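Colleague: just need the structure, nothing else, for what follows:
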Amino acid sequence: MERYYDIIRKAMVQLGHSEVIEDSEADIHFYNHISNWPRNKNTMVVKPTAPTAKHFAIDDWGYANDSKMAYEEPDWLNPFDYSLNLKTDRDYIQQLIKDKSNKWDDSILLKWRKPKIKIPEDHILVIGQMPDDETVHGFGFGDHTVKLKMIVNKLHGENVVIKLHPRYKNPVLVKKWEDAGHTVIDGYISIHDVLPKTRVAIVENSTAGIECMMHKVPIISYGFPEYHWITKKIQTLPQLKSDVRDLGWYSEKENEMFLHWYINRYLCKDVESVKSRIQNILWM
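Modeller: Have a look, this model is predicted:
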């Protein structure tokens with residue numbers, strides 16, 4: 001599979017640019033996984049992201065909850081863009097679900113497994129991230145694991161499933177949650193095997209929110225993910241219980257509109273989408 005940096009190189013050549021060795025000679029700089037604060041003009045931040053290993057974001061501010069679209073709402077509520085290729089967009093999303101697509105698709109090391117435990121129906125899904133992930137420890141601030149514990153404690157008595165990041169290991173915490181009656185999923189279990197039984201999901205800044213949108217699962221966010229424009233943003237912990245019980249705040253149509261815009265109009269995956277994105281940034 002062609003890597004994103006090679007795709008960007010080809011796109012830049014087609015846009016009339018040439019690669020230089022000396023940093024001082026460059027009029028556009030590309031970086032991976034950084035925050036462009038203070039804002040340096042003509043700096044592009046590149047970040048591979050969901051829904052597949054082919055997709056990546058290009059932003060002139062940062063990535064994830066530090067991207068420009070996390071601060072300034074983009075023009076995603078466009079009826080024309082939404083209806084333009086609606087059937088094609090819907091079919092594409094369904095194919096991604098069928099394929100259980102994820103941002104590590106091209107990894108030869110990861111072996112996804114079927115869940116060995118029964119996933120309860122109509123559950124509240126609490127999604128964990130790696131505690132040292134920059135989006136929760138650097139961009140976001142505070143201890144992510146502490147936040148997870150507080151959320152799970154607040155939902156005592158509810159039908160809760162906790163899906164930890166596949167690389168995160170904390171057997172003591174897992175046992176504590178299981179002893180409290182919760183279902184805990186760790187290891188390399190595809191979230192696509194979980195979401196069909198999810199009633200509502202709770203995230204901080206996880207890219208798993210994209211898969212939640214694909215499965216039409218309402219999202220409650222307590223961080224500021226770039227997709228927070230279609231989530232229920234909770235300001236305080238006491239707010240959580242009422243929002244998991246009453247989902248009147250959720251709009252399936254807006255969820256779909258944002259998802260189609262994000263995957264098909266915002267993210268890049270080939271030379272043409274990179275050219276369009278770069279030109280859009282430079283003209284803004």
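Colleague: what about residue 243, which helix or strand?
Modeller: Assigned by DSSP states H and E, residue 243 belongs to helix 240-245.
Colleague: then that helix to PDB, C-alphas only?
Modeller: C-alpha atoms of helix 240-245 as PDB (Å, rounded to 0.1, in the frame of the first residue of the first chain):
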ATOM      1  CA  LEU A 240     -23.600  12.000  32.800                       C
ATOM      2  CA  LYS A 241     -26.400   9.800  34.200                       C
ATOM      3  CA  SER A 242     -29.300  11.800  32.700                       C
ATOM      4  CA  ASP A 243     -27.600  11.900  29.300                       C
ATOM      5  CA  VAL A 244     -27.000   8.100  29.100                       C
ATOM      6  CA  ARG A 245     -30.700   7.500  30.000                       C
END
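Colleague: now it: buried residues?
Modeller: Across helix 240-245, burial judged by 16 or more other CB atoms under 10 Å covers 240, 243, 244. C-beta coordinates here come from the backbone N, C-alpha and C atoms, glycine included.
Colleague: for the stretch 51-200 of the chain, which spans come out with low pLDDT?
Modeller: Scanning the stretch 51-200 of the chain with the threshold set as pLDDT under 70 gives 108-109.
Colleague: one more pass at 90, please.
Modeller: 104-116 (pLDDT under 90).
Colleague: all strands for it, in order.
Modeller: 56-59, 123-127, 160-163, 183-185, 198-203 (DSSP state E, counting those that start in this stretch).
Colleague: still on that earlier bit, now, which of the buried residues of helix 240-245 sits nearest residue 112?
Modeller: The nearest member of these to residue 112, counting by CB to CB, is residue 244 at 27.8 Å.
Colleague: what's the distance between that closest one and residue 265?
Modeller: Per CB to CB, to the nearest Å, residue 244 is found 31 Å from residue 265.
Colleague: so how far is residue 122 from residue 12?
Modeller: Taken as CB to CB, the span from residue 12 to residue 122 is 49 Å.
Colleague: neighbour count: those two, which is higher?
Modeller: residue 12 (19 against 9; other CB atoms under 10 Å).
Colleague: show the contacting residues for the more buried one.
Modeller: Residue 12 sits next to 19, 28, 278 when contact means CB atoms under 8 Å, 6 or more residues apart in numbering.
Colleague: for those residues, pick the one with the most neighbours.
Modeller: residue 278 (21 neighbours).
Colleague: just checking, residue 78 touches residue 266?
Modeller: No. Residue 78 is beyond contact range of residue 266, at 11.9 Å (criterion: CB atoms under 8 Å).
Colleague: I appreciate the help and will end here.
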